[in-house]
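Q: no sequence on this one, just coordinates:
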C-alpha cells in the first residue's frame, strides 16, 4: 500500500515540463500576432510585404536541409557504401525533429544513431560520423562568431546592452568548451576511458549502476571502435575540407533568412554581412538556454541583435516570421519522418521478438 501511495503521489515532472514548453510556445506566438505592433497591426498598417523575398528565405531554409543531408551522406557512406541520399535525408529529418523538441537539442544525435543502426550502419561508425559532423558545425559556428566580432566589433559595442554582452561572452566560451570536450573525447581514448570509467565506478558505489566492471569493459571496446573510426575519417583530408566548406555554406544560407525578411519589409539599407554577423551571435547565444528551440531566448536575442534593423512596428512580426521559417516549419516537415521511423522501429522490434520466440 505504501509503495502504491508513493507512486500515485509522485510528481510527473516530464509532463509538467512539456506542458510548460507548449504553453510558452503558444503564448509567444499569440503575443507576436495579437499584441501592440504585432503581426495583425502590421497587416493593418498597409505595409506592402514583398512575398518574393519571403519565398527566397524559404528556399534558403530548404537548401540548409539539403546541405545537412549531403554532409551526413558524405560522412556515413565512407564506412557504409550502401548508405543512400534518401537514407541521409531520413536521418537528417529525424535529427531536425528531435533537436527541435528536446532541451538543448539533446535528443537529435541519439535518435539519429538509432535510425542509422536500423539502416545497417554500425553504431561506432554512426556515432563517429555524427560527432565529427557536430565538431565541424561547432568549429564553423565559432569561427563565424570570431570573424563577426573581429570585423564588426563596433556594431556590437554600440547596439548591445551589458546583459547581452554577458550572454554573448558566456555563449562564446560555451562553444569553445564544447569543442575542447569533444576533441578530447574523439582523440584521447585513455582520458575518455578514465573519466567515464570513474563515473561508472561512482555510480556503482552508490548502487545506481550494476555490473560496473562488465560495463567498463564494453565501454573500452566501444571507445576503441569509435576512435578507430575517427582516425579513419581524419585521414581523408579531401573529405574534411569538403564538409567544412559545405557546412560554411549551410550556416550562411541559414543566417541569410533574417536578411530576406528585412528585404521583404522594404528595409533597403540593410547590409547583408552585418545581418550574417548578427545572426551568428543569435544562434550562438540562444543555444545556451536548455529549452527546446531556445524558446524565449531565441526571440530575445533576435530582438537585441536586430533591434536597429527592424523598428518597433516590425520587430515582432520579423521575429514571428523568422521562427516560423526556421523552427516551427522544422517541426512540421520533420514530424512525418520521425513518425515513420518510430513505426518502422516498432515493426522491426516485433519481428525480432517473433524470431527470437521461434528460435527458442
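A: Sure thing, it's come through. These figures come from a predicted structure and were not determined experimentally.
Q: In the stretch 151-300 of the chain, where is pLDDT below threshold?
A: In the prediction, the stretch 151-300 of the chain carries residues with pLDDT under 70 at positions 155, 157, 159, 182, 185-189, 207-209, 219, 221-222, 225-226, 229.
Q: what kind of secondary structure is residue 310 in?
A: Secondary structure, DSSP: H, G, I helix; E, B strand; the rest coil: residue 310 is coil.
Q: which ones are touching the closest residue to residue 236 other than its chain neighbours?
A: For residue 236, ignoring the flanking residues on the chain, the nearest one in space by C-beta to C-beta, 6 or more residues apart in numbering is residue 78 at 6.8 Å. (Each C-beta comes from the backbone N, C-alpha and C, glycine too.) Contacts for residue 78 (C-beta atoms under 8 Å, 6 or more residues apart in numbering) come out as 232, 233, 236, 239.
Q: try 10 Å this time
A: By C-beta atoms under 10 Å, 6 or more residues apart in numbering, the contact set of residue 78 is 125, 129, 229, 232, 233, 236, 239.
Q: can you count the residues close to the fourth one?
A: Residue 232: 13 surrounding residues under other C-beta atoms under 10 Å.
Q: show me the contacts for it.
A: Listed by C-beta under 10 Å, 6+ apart, the contact set of residue 232 reads 78, 79, 125, 128.
Q: which residues in the stretch 51-200 of the chain form helices?
A: Using DSSP state H, counting those that start in this stretch, the helices of the stretch 51-200 of the chain run over residues 51-77, 85-101, 108-118, 123-151, 153-159, 162-187, 189-205.
Q: Determine the set of other helices and strands touching the third one.
A: To tie it back to what came earlier, the one meant is helix 108-118. Using 3 or more C-beta pairs under 10 Å, 6 or more residues apart in numbering; DSSP states H and E as the contact test, the elements touching helix 108-118 are helix 51-77, helix 85-101, helix 123-151, helix 329-359.
Q: For residue 249, which of these is the nearest?
A: Among the helices and strands packed on helix 108-118, helix 51-77 comes nearest to residue 249, with 6.2 Å by C-beta to C-beta.
Q: Tell me which other helices or strands the closest one touches.
A: Where contact means 3+ C-beta pairs under 10 Å, 6+ apart, helix 51-77 is packed against helix 85-101, helix 108-118, helix 123-151, helix 237-255, helix 257-264, helix 315-323, helix 329-359.
Q: so which of these gets nearest residue 65?
A: Per C-beta to C-beta, nearest to residue 65 of the helices and strands packed on helix 51-77: helix 85-101, 6.5 Å.
Q: and the angle for the closest one with helix 123-151?
A: Counting by axes from the mean of the first three to the mean of the last three C-alpha atoms, to 10 degrees, helix 85-101 lies at 60 degrees to helix 123-151.
Q: for helix 85-101, what is the average pLDDT?
A: Mean pLDDT, computed over helix 85-101, is 92.
Q: Could you number the chain from 363 rather than 1 from now on?
A: Renumbered: residue one is now 363, and that last one reads helix 447-463.
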